[in-house]
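Q: how does the following fold in three dimensions:
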Amino acid sequence: QVQLVESGGGLVQTGGSLRLSCAASGRPFSNRAMGWFRQAPGKEREFVAAISRWSSDTTYYADSVKGRFTISRGNAKNTVYLQMNSLKPEDTAVYYCAARDGRYYATAPEEYDYWGQGTQVTVSS
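A: This next block holds a predicted model:
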């Protein structure tokens, strides 16, 4: 059974940092693309960042987080992190980890096959 478990969310002030973790289990994820999405109340789920597995890890970011967020894999390769710096109130959302049956990244939620349950990130102004 495939399982993705996120952790690391919480409440932080504007300008602060958080590090989200996503632990994958059930099947190998070292050669699969993984991503982070977020969903704010009343809004659609949106792409945040992704990491693909081709000749090496390649990362891709939404324009709204580029330069502030960093996605990376852990040494065990079944863990993915999202380092979030310079957080803004508009970053407030439930953040979801996702994995897909493919090596290359994708930005559309429907292209991912496995999802975690989400972790809340709240940025106070």
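
Q: hmm, Gly74 is touching Ile51, no?
A: No. Between Gly74 and Ile51 there is no contact under Cβ atoms under 8 Å: 11.2 Å. C-beta: built from backbone N, CA, C; applies to glycine.

Q: higher neighbour count, those two?
A: When neighbours are counted by other Cβ atoms under 10 Å, Ile51 comes out ahead of the other of Gly74 and Ile51, with 21 against 13.

Q: Val2 versus the more buried one, what's the distance?
A: Using Cβ to Cβ, to the nearest Å, one gets 18 Å for the distance from Ile51 to Val2.

Q: quick one: the nearest residue to Gly16 once chain neighbours are set aside and Val94, what's the gap?
A: Residue nearest to Gly16 in three dimensions, not counting chain neighbours: Leu87, with 5.3 Å by Cβ to Cβ, 6 or more residues apart in numbering. Distance, Leu87 to Val94, by Cβ to Cβ: 15 Å.

Q: quick one, which of these two is more surrounded?
A: Leu87 (22 against 18).

Q: show me the contacts for that one.
A: Residues near Leu87 by Cβ atoms under 8 Å, 6 or more residues apart in numbering: Val12, Thr14, Gly15, Gly16, Ser17, Leu18, Arg68, Val121, Val123.

Q: determine the number of other residues adjacent to the nearest residue to Tyr104 once chain neighbours are set aside.
A: Once flanking residues are discounted, Tyr104 sits nearest to Ser52: 4.8 Å by Cβ to Cβ, 6+ apart. By other Cβ under 10 Å, the residues close to Ser52 number 20.

Q: my guess is Ser52 contacts Tyr105. True?
A: Yes. In this structure, Ser52 is within contact of Tyr105 by Cβ under 8 Å, at 4.1 Å.
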